[in-house]
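Chemist: okay, here's the prediction I keep looking at, along with the sequence it came from:
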Amino acid sequence: MAITTHDTETEIQDRAILVSLVTDKIKRTGIDPELSLQELVQLAETAGVEVLDVLRQNKETPDSKWFIGKGKVEELRMAADGLGANTAIFDQELSGAQVRNLEEALDLKIIDRTQLILDIFAGRAKTREGIIQVELAQLSYLLPRLSGHGKNLSRLGGGIGTRGPGESKLETDRRHIRDRITELKRQLDEVVKTRELHRERRRKSGAVQVALVGYTNAGKSTLLKQLTDADVYIENQLFATLDPTSRVLQLPAGKEVVLTDTVGFIQNLPHDLVASFRATLEEVNEANLVLHVVDASSPMREEQMEVVQSILQELGAAGKPQIVLFNKSDICRPEQLQMLPSGPGFLKISAFNPDDLTRITEMIADELAGDTLTFRIPGDRGDLSSLLYRVGEVLEQNVDDNDVLYQVRLNKEDYGKWSYKLSEYVEQE
């Protein structure tokens, strides 16, 4: 990315070497370091960085001073000199002291995975809520590391690691940053209250909510656009969507639900970011149904699914009814498709296939629908008859003496609210 400096019109391109340290602890997690490094390349390119090379090291534990071994630091310095790199990006999180030591030894801008992700979010945030959330996450990350980011904050050209709050704010003292964090939290509390009022309004209206969740770049926004004709930003890059977007989706029987797209997840999603975006992510908790969109073509599919389930668990939404949509089936090899689970709760789809979109809406309707029951309603109880149309889909009605028999496919959520009024009228088989 070309960055215009504050002092001159010179534009500096971030040209980086990526660094991955594989420790015994990382090996025990079961995550493939090579796939993680591939993801770091994607993250860097999403941030507009020119990736020149990658450097790997296996080590039992990180070096407390340099993170990588001292010999590897020298190797990195020589590689940077030879390639003309001005930045080193580490695949793991660094301490402030490690950043400072590496900067002094290498004369490079030092960025870690967390800061890179925060930087991408800073470039994506458009709404007031998103901007507040990202700035809060960045400052919370930087505060304990101020002593280790001296050169990063004043280095000519800015670039990754200095977007969002801006250099002038980051160069101020700790007290100023703490004051800013306090003010951002206050502003975010106001936004959260407004969001809660909207949620309460949706609850009272009886709106059924369906949330799209998934790993970043799994195709959630594309699916929202295809299902609802939503005017949303679509791009084949990480974190194309930051702000939740809700649109009305019409199901086959005519019932309408609210479909909400959420921010994509990623492994090692920075804790400060999860904390700052909690109000946004908790939209998932309000959902009656979760659509877990998976990039079926990704070699990291299983790991990505585990990351999503782990974050849902952290948000308290792991127990929600869920449909798994294996997206991008159109670019999968036949053997990839054969390995995917199938059966109730799973669909192999392409967001661009109209037949698949129909199958999705049918499965949503089936999942939201409860059992089909027959109700015997007295002919003079028009209030109960109207209620049946609100809590489900009336499939059939017949007059029997002074009563009307209704066969109804119930909506679980709606019927649950009114079962105390209707349960005594259920016909026993």
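Modeler: That came in fine, so what should we check first? Every value quoted in this text rests on a predicted model; they were computed, and no experiment measured them.

Chemist: CA only for contacts and neighbour counts going forward, please
Modeler: OK.

Chemist: quick one: the spatially most central residue of the chain from residue 292, how far?
Modeler: Against the mean C-alpha coordinate of the chain, by Cα atoms, centre = their mean, the closest residue is residue 264 at 2.2 Å. Relative to residue 292, residue 264 is positioned 11 Å away (Cα to Cα, to the nearest Å).

Chemist: try residue 400
Modeler: From residue 400 to residue 292 the distance is 45 Å (Cα to Cα).

Chemist: picking up where we left off before, which residues do residue 264 and residue 292 both contact?
Modeler: Contact criterion Cα atoms under 8 Å, 6 or more residues apart in numbering; residues shared by residue 264 and residue 292: 213-214.

Chemist: retrieve the pLDDT associated with the closest residue to the residue nearest to the centre of the chain other than its chain neighbours.
Modeler: Distances taken as Cα to Cα, 6 or more residues apart in numbering put residue 216 closest to residue 264, at 4.0 Å, once the chain neighbours are dropped. Residue 216 carries a pLDDT score of 87 in this model.

Chemist: separation between residue 216 and residue 39?
Modeler: Distance of residue 216 to residue 39, given as Cα to Cα: 11 Å.

Chemist: please apply the same query to residue 299.
Modeler: The gap separating residue 299 from residue 39 is 11 Å, by Cα to Cα.

Chemist: could you list the domains of this protein?
Modeler: Split into domains by automatic domain parsing, the chain comes to 2-176, 207-352, 369-425.

Chemist: for this structure, name the helix or strand with the lowest mean pLDDT.
Modeler: In the chain, the helix or strand scored least confidently by mean pLDDT, DSSP states H and E is strand 2-4, which has a mean of 40.

Chemist: and stretch 270-278, how far out from the chain's middle?
Modeler: Chain-centre distance of stretch 270-278: 11 Å, with Cα atoms, centre = their mean, to the nearest Å.

Chemist: need the contact partners of it.
Modeler: Under Cα under 8 Å, 6+ apart, the answer for stretch 270-278 is 114, 117-118, 133-134, 136-138, 140-141, 315.

Chemist: same question for stretch 73-91.
Modeler: Under the criterion Cα under 8 Å, 6+ apart, residues 14-21, 36-37, 40, 52, 55, 66, 102, 105-106, 108-113 lie in contact with stretch 73-91.

Chemist: if we go to 7 Å?
Modeler: In this structure, residues lying in contact with stretch 73-91 by Cα atoms under 7 Å, 6 or more residues apart in numbering are 14-20, 37, 40, 106, 108-113.

Chemist: quick check: mean pLDDT of that stretch?
Modeler: Mean predicted confidence for stretch 73-91 is 97.

Chemist: and the end-to-end length of that stretch?
Modeler: OK, stretch 73-91 end separation, Cα to Cα: 15 Å.

Chemist: low-confidence ranges in the stretch 51-200 of the chain?
Modeler: By pLDDT under 70, the weakly predicted segments of the stretch 51-200 of the chain are 147-173.

Chemist: now the helices for it?
Modeler: For the stretch 51-200 of the chain, applying DSSP state H, counting those that start in this stretch gives helices covering 70-83, 96-106, 113-124, 128-142, 150-154, 167-170, 174-205.

Chemist: of all these, which lies closest to residue 355?
Modeler: Proximity to residue 355 (Cα to Cα) singles out helix 174-205 among those, at 30.2 Å.

Chemist: listing partners with orientation, what would you give for the helix or strand that that closest one is followed by?
Modeler: Moving toward the C-terminus from helix 174-205, the next helix or strand (DSSP states H and E) is strand 209-214. If you go by DSSP bridges, strand 209-214 pairs up with strand 256-261 (parallel), strand 289-295 (parallel).

Chemist: re earlier: could I get the helices of the stretch 51-200 of the chain as TSV with mean neighbour count?
Modeler: TSV is the format used below for the helices of the stretch 51-200 of the chain (neighbours: other Cα atoms under 10 Å):
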stretch	mean neighbour count
helix 70-83	15
helix 96-106	19
helix 113-124	22
helix 128-142	22
helix 150-154	18
helix 167-170	16
helix 174-205	14
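
Chemist: I'd like these as TSV, with distance to residue 253 appended.
Modeler: Shown next, in TSV, are the helices of the stretch 51-200 of the chain (distance: least, Cα to Cα, whole Å):
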stretch	distance to residue 253
helix 70-83	61
helix 96-106	57
helix 113-124	37
helix 128-142	36
helix 150-154	57
helix 167-170	54
helix 174-205	19
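
Chemist: can you say which of those is nearest to residue 331?
Modeler: Here helix 113-124 is closest among those (Cα to Cα), at 26.8 Å.

Chemist: quick check: angle from that closest one to helix 128-142?
Modeler: 160 degrees (axes from the mean of the first three to the mean of the last three Cα atoms, to 10 degrees).

Chemist: which other helices and strands does helix 113-124 contact?
Modeler: The contact analysis (3 or more Cα pairs under 7 Å, 6 or more residues apart in numbering; DSSP states H and E) places helix 113-124 against helix 128-142.

Chemist: stretch 324-334 - what's its average pLDDT?
Modeler: 95.

Chemist: ok, now stretch 416-425?
Modeler: pLDDT averaged over stretch 416-425 gives 84.

Chemist: ok, residues contacting it?
Modeler: 375-377.

Chemist: thinking again about what came up before, residue 216 and residue 39: which is more packed in?
Modeler: Of the pair residue 216 and residue 39, residue 216 is the one with more neighbours under other Cα atoms under 10 Å, namely 24 against 17.

Chemist: picking that back up, so which of the contacts of stretch 416-425 are in helices?
Modeler: Assigned to helices by DSSP state H, none of the contacts of stretch 416-425 qualify.

Chemist: next, find the distance separating residue 415 from residue 428.
Modeler: Distance from residue 415 to residue 428, by Cα to Cα: 17 Å.

Chemist: same thing with residue 372?
Modeler: Distance from residue 372 to residue 428, by Cα to Cα: 12 Å.

Chemist: how many other residues sit next to residue 57?
Modeler: So residue 57, with other Cα under 10 Å, has 12 neighbours.

Chemist: so it bridges to which residues?
Modeler: As for beta bridges, residue 57 partners with residue 21 under DSSP bridges.

Chemist: mind listing what it touches?
Modeler: Contacts of residue 57 by Cα under 7 Å, 6+ apart are 20-22.

Chemist: can you rerun that using 8 Å?
Modeler: Residue 57 touches 20-22, 68, 72, counting by Cα under 8 Å, 6+ apart.

Chemist: and if you look at residue 259?
Modeler: 209-212, 224, 246-249.

Chemist: by neighbours, which of those residues wins?
Modeler: residue 212 leads the contacts of residue 259 on contacts (other Cα under 10 Å) with 28 neighbours.

Chemist: pretty sure it sits against residue 291.
Modeler: Yes. Counting by Cα atoms under 8 Å, residue 212 sits close enough to residue 291 to count as a contact (4.8 Å).
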